[in-house]
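Q: Can you look at this prediction? I've put the sequence above it.
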Amino acid sequence: QVHLVESGGGSVQAGGSLRLSCTASGYTSYWAWFRLAPGKAREAVAGKDVRSGTTYYVDSVKGRFVISKDNTKTAAYLQMHSLSPEDTAMYYCAAGRGHFGNWDRASSYDSWGQGTQVTVSS
């Protein structure tokens, strides 16, 4: 496991952008961002396999969100554009090493951040 720290959440108006950051205490092979909104199930938003470079997105954010990794640091990012109130949630960074299972399953990751709140107003 590694220690993950997220930052970059905040409040924006619909149509705005935010960039979330996640810094790890060590190397990880794959990353993901999940979100949890009140009354809804946890949802995998984006994932990235560092070894293959493959990225994954849930359909609702395709074309609006981009997951990336800083190759000089143990850090990953989630750039979010065209935000809508439906994107309001607590966003969590997740990471892991070794075998990469299903990117959208929480059980595939062994390290989690504390979460950062994203609030989008209409």
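A: In hand now; what should we look at?

Q: Every contact and neighbour count from this point should use C-alpha atoms.
A: Fine.

Q: doesn't residue 118 make contact with residue 14?
A: No: applying CA atoms under 8 Å as the test, residue 14 and residue 118 come out as separate, 11.6 Å apart.

Q: So the two - more neighbours on which side?
A: Between residue 14 and residue 118, counted using other CA atoms under 10 Å, the more crowded position is residue 118 (21 against 17).

Q: From residue 64, how far out is that one?
A: Using CA to CA, to the nearest Å, one obtains 15 Å as the distance from residue 118 to residue 64.

Q: same check, this time on residue 38
A: For residue 38, the distance to residue 64 - CA to CA - is 22 Å.

Q: Between the two, which is the more surrounded one?
A: residue 64 (13 against 9).

Q: Angles on the backbone of the more buried one, please.
A: phi -120, psi -30 (degrees, to the nearest 10).

Q: Would you state the strands of this protein in chain order?
A: Using DSSP state E, the strands of the chain run over residues 4-7, 10-13, 18-24, 30-36, 43-49, 55-57, 65-70, 75-80, 89-96, 111-112, 116-121.

Q: residues making contact with the third one?
A: Read that as strand 18-24. Strand 18-24 is contacted by residues 2-10, 12, 74-81, 93, 113 when judged by CA atoms under 8 Å, 6 or more residues apart in numbering.

Q: What of the fifth one?
A: Contact partners of strand 43-49, identified using CA under 8 Å, 6+ apart, comprise 29-36, 54-58, 61, 65-68, 100, 103-106.

Q: how about the nearest residue to the residue positioned nearest the centre of the chain, chain neighbours excluded?
A: The chain has residue 33 as the residue nearest its centroid, 2.0 Å off, counting by CA atoms, centre = their mean. Leaving aside its chain neighbours, residue 33 sits nearest to residue 93 (4.7 Å; criterion: CA to CA, 6 or more residues apart in numbering).

Q: and that neighbour, what is it in contact with?
A: If you count contacts by CA under 8 Å, 6+ apart, then residue 93 has 4-6, 22, 31-34, 112-115 around it.

Q: Those residues into TSV, with extra columns for pLDDT and distance to residue 89?
A: Output for the contacts of residue 93, formatted as TSV (pLDDT from 0 to 100; distance: CA to CA, whole Å):
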residue	pLDDT	distance to residue 89
4	97	18
5	95	17
6	95	14
22	97	16
31	95	19
32	97	15
33	98	12
34	98	9
112	97	16
113	97	15
114	96	13
115	97	10
